[in-house]
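> I need the structure of the sequence given here:
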Amino acid sequence: MSNDTFNILLSAAGRRVSLLKILKQTLSDLSLDGKVYALEMSRAAPAFHIADHGFLAPRCTDPGFVDRVLDICAQNDIKLIIPTIDPALAVYAANLDRFEAAGVTVAISGPKTIEIASNKRATHRWLSDNGFPTPRQAELEDVLANPQDWTFPVATKPADGSRSIGFGIVNTPEELRAFAGPNNIVQSVATGEEYTVSFYVDRQGKCRCAVPRKRLEVRSGEVSKGMTVRNAAIEKLAMAVGDALPDAFGALNVQIFHDAATDELNIIEINPRFGGGFPLAWQAGAHYPQWIVEEVLGHESSANADQWKDRLVMLRFDDAVFLNADEAGL
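Residues are numbered from 1 along each chain as shown. As a prediction, the model looks like this:
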């Protein structure tokens, strides 16, 4: 590949040091001369200090956020932005035309997919309308009004929650009342083992690869131990989701339960971004950042569905950056 300069901005870099290192490795693998920058609200973020340079910006919901990011891109010849957090996805998606006009690719899906994934009511409606398997779901108040229509235990969670915040498994209607609130929904409990399936959708809207990762251990809603698992049914289902989403692009993931006793599959969530456990899929051979860069540069894609390693285990651990207080902005 050529020696073009190709700079990348990791937005809301936070603790995503592993992803930042993957982006650096991607530039090296493609023989590209480039930098990987970090964008954050505060200097007190590990990736801010491991990036080639860190930039400060206001919160993504601030009216000046997009102008600030565009200014950083223009001044630093940034070709690609990788968003990492849910609140920023809708902001970037609503301004894709402005970034495109500035010669910057934002590696996320379009507004339709972002909207489908942003709310569990919208996700459940889209999955049901398109014939994908998903647990039964209803508003919490409706379940409390007719608890005899449900088999307990059930799962309850905020419609717009993430990282298992506000999630609960309850055994009786009385326990469910403790979660009462206008934003909570109820789902039947999906049985079996939970998989996060990382999948890649190219610019033509075709899903090119899906890598199931069994969640062996979860800490604060994020996988701490995981393993890649070849399972044709799970891969086929995730790729069908990727093909069906209306304007999907880049790296996404979907949460799927697989009941080995019945072979039943159930989708409970779609996330249109790199997940926290993505380094496992990358290490196994699913090089989504490389495939994104290849598409941005108009080069032939090396994307493939089969060249990833089965039963590769990831054991995540904590690490730290040590700074003077003023370097951390404190």
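> tell me the mean pLDDT for the longest strand along the chain?
Among the elements of the chain assigned as strand by DSSP state E, the one spanning the most residues is strand 207-219. For strand 207-219, the mean per-residue pLDDT is 96.
> what's the average pLDDT for the helix or strand just after it?
Remark: after strand 207-219, the chain's next helix or strand is strand 222-228, criterion DSSP states H and E. Averaged over strand 222-228, pLDDT sits at 94.
> Could you check the angle strand 222-228 makes with strand 207-219?
Relative orientation of strand 222-228 versus strand 207-219 (axes from the mean of the first three to the mean of the last three CA atoms, to 10 degrees): 130 degrees.
> mean confidence score for stretch 141-148?
Regarding stretch 141-148, the rounded mean pLDDT is 95.
> show me where this protein has helices.
When secondary structure is read from DSSP state H, the chain shows helices at 17-29, 46-50, 65-76, 86-94, 96-101, 111-118, 120-129, 140-145, 173-177, 232-244, 278-284, 288-296.
> Please tabulate these in a markdown table and include mean neighbour count as additional columns.
No exception for glycine: its C-beta is placed from N, CA and C like everyone else's. Output for those, formatted as a markdown table (neighbours: other CB atoms under 10 Å):
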| stretch | mean neighbour count |
| --- | --- |
| helix 17-29 | 19 |
| helix 46-50 | 21 |
| helix 65-76 | 17 |
| helix 86-94 | 19 |
| helix 96-101 | 14 |
| helix 111-118 | 21 |
| helix 120-129 | 18 |
| helix 140-145 | 16 |
| helix 173-177 | 15 |
| helix 232-244 | 18 |
| helix 278-284 | 23 |
| helix 288-296 | 22 |
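> right, and the ones you listed - which one's nearest Val201?
For those, proximity to Val201 was assessed by CB to CB; helix 232-244 is nearest, at 4.7 Å.
> returning to what we had before: list the strands paired with the longest strand of the chain, with their directions.
Sheet pairing here is set by DSSP bridges, and for strand 207-219 it gives strand 193-201 (antiparallel), strand 222-228 (antiparallel).
> Other residues contacting the shortest one?
Okay, so that is strand 222-228. Counting contacts by CB atoms under 8 Å, 6 or more residues apart in numbering, the residues outside strand 222-228 that touch it are 163, 196, 211-218, 276-277, 280-281, 284, 308-316.
> Tell me how far Leu56 lies from Ile78.
Distance, Leu56 to Ile78, using CB to CB, to the nearest Å: 15 Å.
> Return the residues in contact with Ile114.
Ile114 touches 89-90, 93, 108, 272, counting by CB under 8 Å, 6+ apart.
> Next, format the residues you listed as TSV and append pLDDT.
Shown next, in TSV, are these (pLDDT from 0 to 100):
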residue	pLDDT
Leu89	97
Ala90	97
Ala93	98
Ile108	97
Pro272	97
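> roughly how far apart are Lys21 and Leu96?
For Lys21, the distance to Leu96 equals 27 Å [CB to CB].
> want to throw the contacts of Ile114 into a markdown table with distance to Glu139?
Converted to a markdown table, those look like this (distance: CB to CB, whole Å):
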| residue | distance to Glu139 |
| --- | --- |
| Leu89 | 25 |
| Ala90 | 23 |
| Ala93 | 27 |
| Ile108 | 29 |
| Pro272 | 24 |
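> which among the residues you listed gets closest to Ile8?
Distance to Ile8 across the contacts of Ile114 (CB to CB) is lowest for Ile108, with 13.8 Å.
> Among the contacts of strand 222-228, name the buried ones.
196, 211-215, 218, 276-277, 280-281, 284, 308, 312, 314, 316 (16 or more other CB atoms under 10 Å).
> To what extent is Ala320 buried, counted in neighbours?
Number of residues near Ala320 (other CB atoms under 10 Å) recorded here: 6.
> Would you confirm that it contacts Pro46?
Yes: using CB atoms under 8 Å, Ala320 makes contact with Pro46 at a distance of 7.4 Å.
> which residues touch Glu327?
43, 49.
> which ones are touching the residue nearest the centre of the chain?
Residue closest to the mean C-alpha point of the chain, counted by CA atoms, centre = their mean, is Arg273 at 3.0 Å. Neighbouring residues of Arg273 by CB under 8 Å, 6+ apart: 83-86, 89, 108, 251-253.
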